[in-house]
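>>> Give me coordinates for this.
(chains A and B)
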Amino acid sequence: MKRAILPGGVVVVILLLAVLAPWLGLPDPVRQDVAHRLTGPITGHLLGRDEFGRDVLSRLIWGARTSLVVAFASAAIAGVLGTILGLIGGWFRGIGAMLAVRSMDVVLCFPPILLALLIVTLLGPGAGTLIMMLSLLFLPGFARVTYAEVLSARRHEYVEAVRALGATSPRILARTILPNVAGPVLVQLSLAVAAAVALESGLSFLGLGVVPPAPSWGLMIRGARATMEQAPLLLLWPCAALTVTILAMNLLCDAVRDAADPRGHPAAARPRVIDRLLPGLAPPANPDLVLEMQGLTVEIATPRGPIRPVRDVSLGVRAGETLAIVGESGSGKSITATAIMGLLPAAAQPVAGHIWFAERDLLILPEPALRKLRGGAMAMVFQDPMSSLNPVLRIGEQIGEAIRAHTPALGAAARRTRARSLLQRVGIADPDQRLTAYPHEMSGGMRQRVMIAMALANSPRLIIADEPTTALDVTVQAQILDLLADLKRDTGTAMIFISHSLGVVGEIADRVAVMYAGHIVEQGPAAAVFAKPLHPYTKALLDAAPDSDAMPTGIPGIVPSPHHLPAGCSFAPRCARAIDACAATAPPLEPATPDRLVRCLRWASA
Amino acid sequence: MSAPLIQAAGLCKSFPGRGVLRRGAPVQAVREIDIGIARGEALGVVGESGSGKSTLGRLLLGLLPASAGTILFDGKRMPSPGHADWRRLRPRLQIVFQDPYGSLDPRRRVGPQITDGLAIHHLPDAADRLAALLTQVGLDPAHASRFPHEFSGGQRQRIGIARALATAPDFLVADEPVSALDVSIQAQIIQLLASLRHTLDLAMLFISHDLLVVRHLCDRVMVLYLGRVMESGRTAEIFANPAHPYTRALLSATPRMDPAQRSRRILLAGDPPSPSNPPSGCVFRTRCAHAIPDCAAAIPALRPIGPTHRVACIRADQLA
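Coordinates of the predicted model:
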């Protein structure tokens, strides 16, 4: 709301001046004194006199009355009528949309100046005519904006929910739809008021608006133009008044829109100077790991202070091995994956740790070198194959692009042959035909196969798959999991597989790392972890899955907010086995058996 | 079992096809489904995307008009949407949605959203009722004045349930209520729905794409494919002894954590056909490993193979 104070104050002052004009003791704005025409600022006439010797300040303030009444009245009339038309058109569609929206398109077909001339000729010039004409001019804008917003708002389930409760259409429109479309309508209102002030000036300038000698900003500009050489300041005053009013109106409407949204307005990310530690000179500890992550910590600057969604994460993956990172939303698993690819959002910065890949630390690698690795030696498969493929390019071109980015020397024909064999490799039946298809012509499972083909295009040593089957149907998911397992076996690629589903992880992973609130809480061979979980969180997660014969049991409470992490063990507040020590000390990730790690004070007493 | 509270016979729903120059074939979302749910009973409807399960839920609620077939609610015919009788019936038929973010109005406090149904139908006791509802779904009554974005996904789903329960409905449709939630929260919501069904004696239709989720909540399961029922029966029976090739494929494709639970996977080739151009005869035959020429000849009837177990497959006996 702070942002509304300055523009709000300016608008209030302008409105007050306009309203109080008769009581301010100003000279008569239409009284001429030709003897003193064009005199500069003097006592009693702060801004001087115009070409007929009338007081400029007085005309400016009285002119605001006319200009603002015209602007607000026309914007308000157009806003109310247009919003109603848009609501009706968007809600009832069919005939309603026809009448409400198409009729507006007819108005849009007339050039505004022709429309103005027509109406003025019919009704004669004056403020009333101007209001009517401007409302008609702005009406289509409001109707169309509201119509479009209603169409998108009506698809939300909360609208269907009130309909299921039996609410009448007027009630749904007034209580549910209107508040949710109000934002863009408010913006449109501010634009309309601003445009109306400008148009009023323009039309009065042309002699189609307010009739002289009544003061208005447009008439003042028109008058000042003739004497621009002798008294240039006369042009400045009405122009300045126009600019300040329009700017203040726009800022005020923006602030009001944001204040009316209970979710608040997200502050822009503030990129911070990297306070990363100097790169370590030590080579990666374990040379047979394709990728080794050591103590990665990622910090994100948020409006409420910095948070660390990934804290001290260490993991490694060998060739031909699948490491699954499993965790619930907010556990930091996806941020860990994007950090490897160097695709962290601008607000997120790695503040500690190393990611060793091909004997280089990815965290300090310059962007051009990273770009060479991405899609080359390491590739990524995303969750949603529809939004990850370019909808306007054919499949063949997209795979070809992936090949060309890393092997520019390859000719078009060779690229095509390679793309074709890649499609065959991922089990697409008629590769020649599919190369010329667009993404929307394929099913979800087929698109995910194409994404995997693109990931394989440059024989990567590491594939990162971020929830690659979550958006797919269960029978198609089974096909994709089989394909990934085949590829891993045949190519010896290392794979990091991110998932929230324990079942999927159990099917595909050799080793598993369980994440909770940014930490790895348990790591080990998948079969051993699932058979005998050491960390209470892993055990609770397994009990929560509806997999066994027993009724699944939920974990009480919710994941802690990254802004208020518990002092000790992050899971302690929800843990059935927590003791006082758990809340006090953060447990280290310690080896339980030669190949298993666990972050719990009490794992041994399980 | 008592007489069904809600009963439908020969229910069909098709949506007009799209197209600018030439209108495409209509999408047949639900075809010839018979259904009956008694008070205190939960029926699970399982299917993949495009199986018509959500459309079926909205038909039974009366939110969509049926293209053919009849729906009887509490012995009376379901009025058509918008009718005054339809509006009067709303408090008794309610729905819980999948998306805990999209199903609450972001600009209104949750308290008034929960009691909307009471206000619309001029029912009394909104304030007391609100506190009781919030307690019933496991939330603090003091939270009624908060906005939806101040809650986690699981808490929002509880708010959605409280809104559906506000008018004391008899029939509740839960449309994938746990699909968007984390595993640890899913179990909380399943348990909540299971206990509410018993304490409130609700008739419940539980829609899910995941067979495992319906297993612990539902008395009976109905498996849909391309708008048709493939198999239906008591939950334990379906899990122990699936008779339809599609049900078997679905069960075997569901990822399991426990290697002992994993059966030999039956991989279905390809994707489900388009609902606007379904195969002749048995709609599943194009992906079925056991299909024979006879499968294309006629639509297989849903026939009983046990006291409550019914299957729509002409080869079910040979495959058993």
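
>>> how close does the residue lying closest to residue A:559 once chain neighbours are set aside sit to residue A:353?
Among residues not flanking residue A:559 along the chain, residue A:330 sits closest, at 5.0 Å (C-beta to C-beta, 6 or more residues apart in numbering or on different chains). Every C-beta, even on glycine, is put in place using the N, C-alpha and C of the backbone. From residue A:330 across to residue A:353, the span is 20 Å (C-beta to C-beta, to the nearest Å).

>>> the strands in the chain, which residues?
The chain I'm using is chain A. A:289-302, A:305-318, A:322-326, A:348-357, A:360-361, A:378-381, A:462-466, A:494-499, A:511-516, A:519-525, A:590-593, A:596-598 (DSSP state E).

>>> Correction: the question concerned chain B.
Under DSSP E, chain B gives strands at B:6-15, B:27-37, B:42-46, B:68-73, B:76-77, B:93-96, B:171-175, B:203-208, B:220-225, B:228-234, B:303-304, B:310-311.

>>> Check which residues of stretch A:231-246 are buried.
Using 16 or more other C-beta atoms under 10 Å in any protein chain shown as the test for burial, stretch A:231-246 gives A:231, A:234-235, A:237-238, A:241-242, A:245-246.

>>> circling back: any chance of the strands of chain B in TSV, with distance to residue A:4 and mean pLDDT too?
Shown next, in TSV, are the strands of chain B (distance: least, C-beta to C-beta, whole Å; pLDDT from 0 to 100):
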stretch	distance to residue A:4	mean pLDDT
strand B:6-15	46	92
strand B:27-37	49	91
strand B:42-46	50	95
strand B:68-73	51	93
strand B:76-77	55	90
strand B:93-96	39	93
strand B:171-175	41	94
strand B:203-208	45	94
strand B:220-225	53	95
strand B:228-234	58	95
strand B:303-304	69	93
strand B:310-311	65	95
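
>>> Same list (those strands) but as TSV, adding mean neighbour count and distance to chain A.
Below are the strands of chain B laid out as TSV (neighbours: other C-beta atoms under 10 Å in any protein chain shown; distance: least, C-beta to the nearest C-beta, whole Å):
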stretch	mean neighbour count	distance to chain A
strand B:6-15	18	15
strand B:27-37	22	16
strand B:42-46	26	10
strand B:68-73	16	14
strand B:76-77	10	16
strand B:93-96	26	5
strand B:171-175	26	9
strand B:203-208	25	10
strand B:220-225	25	10
strand B:228-234	24	13
strand B:303-304	10	24
strand B:310-311	25	18
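
>>> I'd like the ones you listed written out as TSV, with distance to residue A:508 added.
Putting the strands of chain B into TSV (distance: least, C-beta to C-beta, whole Å) gives the following:
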stretch	distance to residue A:508
strand B:6-15	37
strand B:27-37	34
strand B:42-46	23
strand B:68-73	43
strand B:76-77	51
strand B:93-96	32
strand B:171-175	29
strand B:203-208	23
strand B:220-225	26
strand B:228-234	28
strand B:303-304	39
strand B:310-311	32
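
>>> Ok, which of those strands comes nearest residue A:319?
strand B:203-208 (38.9 Å; C-beta to C-beta).

>>> Spell out which strands sit alongside that closest one in the sheet and which way each one runs.
Strand pairing for strand B:203-208, using DSSP bridges, gives strand B:42-46 (parallel), strand B:171-175 (parallel).
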